[in-house]
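In: how would this look folded up:
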Amino acid sequence: MASNPHRGGAAPYRSRDGLSTRSGAGSEEIQLRIDPMHSDLDDEITGLHGQVRQLKNIAQEIGSEAKFQRDFLDELQMTLIRAQAGVKNNIRKLNLSIIQSGNNHIMHVVLFALFCFFILYMWSKMFKR
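Out: Alright, predicted model coming up:
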């Protein structure tokens, strides 16, 4: 451990009124001396205890929210997997029906387009006169 340059005096370790530290003779131990004049430490300890309790409650709420969201995400992932499987199944069925029907649908579309052009051509000839 690195040695402290203020090792001999207690002043550098002073944290509050009534509290001071003394370093042990040649050891790394720190002794705490409490001045009885400042008895508000019990109130501070009680306040800290309340804050720790609040933090504990917040941590528990965060944990329960994280669990809820994890469960929700797991359920959403399963729904998406099922939907993806359904889409794949429908695409497979569609591909099978296209293969079974052959290329007749392309021929029907071409014939329909030719029929429409013929009708438009005839209509334009009739109104031109």
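In: low-confidence ranges in this structure?
Out: Applying pLDDT under 70 to the chain flags residues 1-39, 102-103, 129.
In: hmm, 90 instead?
Out: Within the chain, the stretches with pLDDT under 90 are 1-48, 94-110, 122-129.
In: so in it, which helix runs the longest?
Out: Longest helix in the chain, counting residues (DSSP state H): helix 41-101.
In: for it, name the packing helices and strands.
Out: Contacts defined by 3 or more C-beta pairs under 8 Å, 6 or more residues apart in numbering; DSSP states H and E place helix 41-101 against no helix or strand at all. (C-beta placed from N, C-alpha, C; glycine too.)
In: ok, then the element right after it?
Out: Counting by DSSP states H and E, the next helix or strand C-terminal to helix 41-101 is helix 104-128.
In: thinking again about what came up before, got the angle between the longest helix of the chain and helix 104-128?
Out: 70 degrees (axes from the mean of the first three to the mean of the last three C-alpha atoms, to 10 degrees).
In: begin at 586 from here
Out: With the count now opening at 586, the last piece we talked about shows up as helix 626-686.
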